[in-house]
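[1] pasting the structure only:
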């Protein structure tokens, strides 16, 4: 009988302790926030390529190298700094033509160009095609003030999270306290690409307005856990 009473007392004490811990557990709320900044781009990353095909590997490579040499010389004459263009991929592949039932070789080189003055876009594209570029893979618009706008987006994201926390706390008759945990949930911003067909159509048009720049969106996402309080004090 004494053992039974002892067990009951222990269980009662444990339950009371658990209730005390739950009652004293800190009140928290976790919310997410998003900030967006719309910016007109002032730079572009242009990806171009030179491709040659033929039945003789050496001749194909030689022809491709000669064209690439013209392209690089053109970029130098265009007064583009060497740090603003770079070879990305070079390959020589052996392929098979099933219709003609014979092997052939493809030589290719891809170059990325950082154009910091979009007013020079038209003249550059025309000059590159004249130099022998036959594969314009795409263009990505950028801003030269990326870090500045990312900072603005983060501030907006935190403000958005604060507003959500305040709304929920008000509905619960509580007050928002200090931020306990802050997580940066921002994913890499990829500028809008423009692909080869779109670029070719614009280059072939006689219009002076060949770029529809629009705006690029810079986004920041944050997750914040706040403490909640029954009394109001400045966070």
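    Noted; the coordinates are in hand. All values derive from a computational prediction rather than experimental measurement.

[2] that's a helix at residue 160, yeah?
    Yes. Per DSSP: H, G, I helix; E, B strand; the rest coil, residue 160 lies within a helix segment.

[3] now do the contacts for it.
    Taking C-beta atoms under 8 Å, 6 or more residues apart in numbering, we find residue 160 in contact with 33-35. Glycine gets a C-beta too; all of them are placed from N, C-alpha and C.

[4] also residue 144?
    42-43, 116.

[5] ok, 7 Å please
    By C-beta atoms under 7 Å, 6 or more residues apart in numbering, the contact set of residue 144 is 42-43.

[6] in what helix or strand does it lie?
    Residue 144 belongs to no helix or strand when assigned by DSSP states H and E.

[7] can you report phi and psi for residue 116?
    phi -90, psi 0 (degrees, to the nearest 10).

[8] ok, for residue 30, nearest residue in space, not its chain neighbours?
    residue 225 (4.5 Å; C-beta to C-beta, 6 or more residues apart in numbering).

[9] what residues sit buried inside the strand or helix carrying residue 224?
    Using DSSP H and E, residue 224 sits in strand 216-229. For strand 216-229, the neighbour count (16 or more other C-beta atoms under 10 Å) marks 216, 218-222, 224, 226-229 as buried.

[10] average pLDDT across it?
    Across strand 216-229, the average pLDDT comes to 96.

[11] who does it pair up with?
    Applying DSSP bridges, strand 216-229 is found paired with strand 28-39 (antiparallel), strand 175-184 (antiparallel).

[12] out of these, which comes closest to residue 125?
    Minimum separation from residue 125 across the strands paired with strand 216-229 (C-beta to C-beta) falls at strand 28-39, 23.3 Å.

[13] so for that closest one, mean pLDDT?
    Strand 28-39 shows an average pLDDT of 96 in the prediction.

[14] following element in sequence after it, please.
    Downstream of strand 28-39, the first helix or strand assigned by DSSP H and E is strand 43-54.

[15] angle of the next helix or strand after that next one against strand 43-54?
    Proceeding N to C from strand 43-54, the next assigned helix or strand is helix 57-77, under DSSP H and E. Inter-element angle recorded for helix 57-77 and strand 43-54: 150 degrees (by axes from the mean of the first three to the mean of the last three C-alpha atoms, to 10 degrees).

[16] right, and the helix or strand after the helix or strand where residue 95 lies?
    Counting by DSSP H and E, the element that carries residue 95 is strand 85-97. Going down the chain from strand 85-97, the next helix or strand is strand 102-115, by DSSP H and E.

[17] what's the domain layout of this protein?
    Per automatic domain parsing, the structural domains of the chain span 26-40+144-191+213-235, 43-142.

[18] what ranges of this protein fall below the confidence cut-off?
    For the chain, applying pLDDT under 70 flags the ranges 1-25, 189-211, 233-235.

[19] just give me the closest of the buried residues of strand 216-229 to residue 53.
    Of all the buried residues of strand 216-229, residue 216 has the smallest distance to residue 53: 36.4 Å, by C-beta to C-beta.

[20] distance of the closest one from residue 26?
    41 Å (C-beta to C-beta, to the nearest Å).

[21] kindly report the same for residue 135.
    60 Å.

[22] so the two - more neighbours on which side?
    residue 135 (13 against 9; other C-beta atoms under 10 Å).

[23] so what's that one closest to, chain neighbours aside?
    Nearest to residue 135 is residue 49, by C-beta to C-beta, 6+ apart, at 3.4 Å.
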